[in-house]
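> Provide a 3D model corresponding to the input given below.
(chains A, B and C)
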Amino acid sequence: MPELPEVETTRKGIAPHLQGRTVREVIVRQRKLRWPVPRNLNALLQNQVIEQIDRRGKYLLLRMNKGTLLIHLGMSGSLRILPSQTPVQKHDHVDIVLDNGQCLRLRDPRRFGAVLWTRGDPLQHKLLAALGPEPLSNAFDADYLWQKSRGRKLAIKAFIMDSKVVTGVGNIYANEALYLAGIHPGRAAGRIARARYAELVNAIKQVLEAAIRQGGTTLRDFTASDGKPGYFRQQLHVYEREQRPCHQCGKPLQQVVISQRASYYCRYCQR
DNA sequence: ACATTGACCTGGGAGC
DNA sequence: TGCTCCCAGGTCAATG
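As a prediction, the model looks like this:
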């Protein structure tokens, strides 16, 4: 489900409820996620103060006094702030109960998400250490992306969805950014000029920023931590719009599969 | 080093 | 109603 804008929307939603609170109890109902949830999570977290909530790519970082809880939402994960007595539903796997009677509840039907504990610098954790730059940071610019693409033969769409190249760009926003930049999603990454990478970097930043402003994209089931959907769907130009008219030229949009993922584009506006 | 594929899961919709 | 098949906001590990 969530790409960077949905994770950032979640972070903004939960942070005010968590910051400065003490963990009273952790309840784990299902340990089998993408990686096993630590057995002793309750013992690890109990009585710790949640100091700060950060995001790195699609990971949420709950920084506490003795370490950091890493949360990844996978394809179908969501986090809610609820009164801790709220009856659990199917796929509610983890509760972090706070000292004010509220709890942070993870729901994840497909269980591709992750909840991991790490001491020391969380950015050095195995899963985070190799991540590429944040797409909204200054480190992510035309020079970086162009340099990185030299000699690469894979499709540009797969290239920008590679978390080692840039982190946080998933299937929706890769499609949208390539449309805005006028680049065909199947074009080899190494055969795109530097000037076009400048367009692409701008498009990625703009589409992510706009989506964050709208609270993310709800296609099927994404909700923010308050249960509300994201409204960026109304501004999608190509994603899940095959056969519908291109917003620039009016001709029907195409759908193809690139690197096993559905890809949408305009054959006339994207080269 | 790079590119491709399979694997992990459940739910919802289409088609019969 | 119910079965089977296909698809879905991710990404790591294994394989050439």
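> quick check: closest non-adjacent residue to whatever residue of chain A ends up closest to DNA strand C.
Per C-beta to the nearest atom of the strand, residue A:170 is where chain A lies closest to DNA strand C, at 2.0 Å. All C-beta atoms are positioned from the backbone trio N, CA, C, and that covers glycine. Spatial nearest neighbour of residue A:170, chain neighbours left out: residue A:3 (3.5 Å); criterion: C-beta to C-beta, 6 or more residues apart in numbering.
> you'd agree the one you found is up against residue A:173?
Yes. With contact defined as C-beta atoms under 8 Å, residue A:3 and residue A:173 form a contacting pair (5.6 Å).
> could you check which of the two is surrounded by more residues?
Counting neighbours by other C-beta atoms under 10 Å for residue A:3 and for residue A:173 shows that residue A:173 has the greater number, 26 against 23.
> that one: helix or strand, and which one exactly?
Per DSSP states H and E, residue A:173 falls inside helix A:171-181.
> show residues contacting that helix.
Here helix A:171-181 makes contact (C-beta atoms under 8 Å, 6 or more residues apart in numbering) with A:3-5, A:156-157, A:160-161, A:169, A:184-185, A:196, A:199-200, A:202-204, A:206-208, A:211, A:217, A:219, A:236-239, A:261-266, A:269-270.
> restricted to strands, list these.
Applying DSSP state E to those, the entries found in strands are A:261, A:262, A:263, A:264, A:265.
> contacting residues around the last one?
Residues near residue A:265 by C-beta under 8 Å, 6+ apart: A:175, A:178, A:179, A:184, A:185, A:238, A:253, A:254, A:256.
> 10 Å instead?
Shown in contact with residue A:265 (C-beta atoms under 10 Å, 6 or more residues apart in numbering): A:157, A:175, A:178-179, A:182-186, A:237-238, A:242, A:246, A:253-256, A:258, A:271.
> which parts of the stretch 51-200 of chain A sit against DNA strand C?
Contact residues (C-beta under 7 Å from any atom of the strand) of the stretch 51-200 of chain A with DNA strand C: A:57, A:58, A:72, A:74, A:75, A:110, A:112, A:127, A:163, A:170, A:171, A:172.
> where along chain A do the helices fall?
In chain A, the segments counted as helices under DSSP state H are A:4-18, A:41-45, A:126-129, A:142-149, A:156-160, A:171-181, A:194-213.
> mind putting these into a markdown table with distance to residue A:135?
A markdown table is the format used below for the helices of chain A (distance: least, C-beta to C-beta, whole Å):
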| stretch | distance to residue A:135 |
| --- | --- |
| helix A:4-18 | 7 |
| helix A:41-45 | 31 |
| helix A:126-129 | 15 |
| helix A:142-149 | 10 |
| helix A:156-160 | 9 |
| helix A:171-181 | 9 |
| helix A:194-213 | 5 |
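> out of the ones you listed, flag the one nearest residue A:102.
When the helices of chain A are compared by C-beta to C-beta, helix A:4-18 sits nearest residue A:102, at 6.2 Å.
> against which helices or strands is the closest one packed?
When contacts are defined as 3 or more C-beta pairs under 10 Å, 6 or more residues apart in numbering; DSSP states H and E, helix A:4-18 sits against strand A:50-56, strand A:59-64, strand A:67-72, strand A:78-83, strand A:92-98, strand A:102-107, helix A:171-181, helix A:194-213.
> how does it look with 7 Å?
If you count contacts as 3 or more C-beta pairs under 7 Å, 6 or more residues apart in numbering; DSSP states H and E, helix A:4-18 packs onto strand A:50-56, strand A:59-64, strand A:78-83, strand A:102-107, helix A:194-213.
> contact partners of it?
A:50, A:53, A:55, A:57-58, A:60, A:62, A:73, A:79, A:81, A:102, A:104, A:135, A:168-169, A:208, A:211-212, A:215-217, A:222, A:224-226, A:230, A:232 (C-beta atoms under 7 Å, 6 or more residues apart in numbering).
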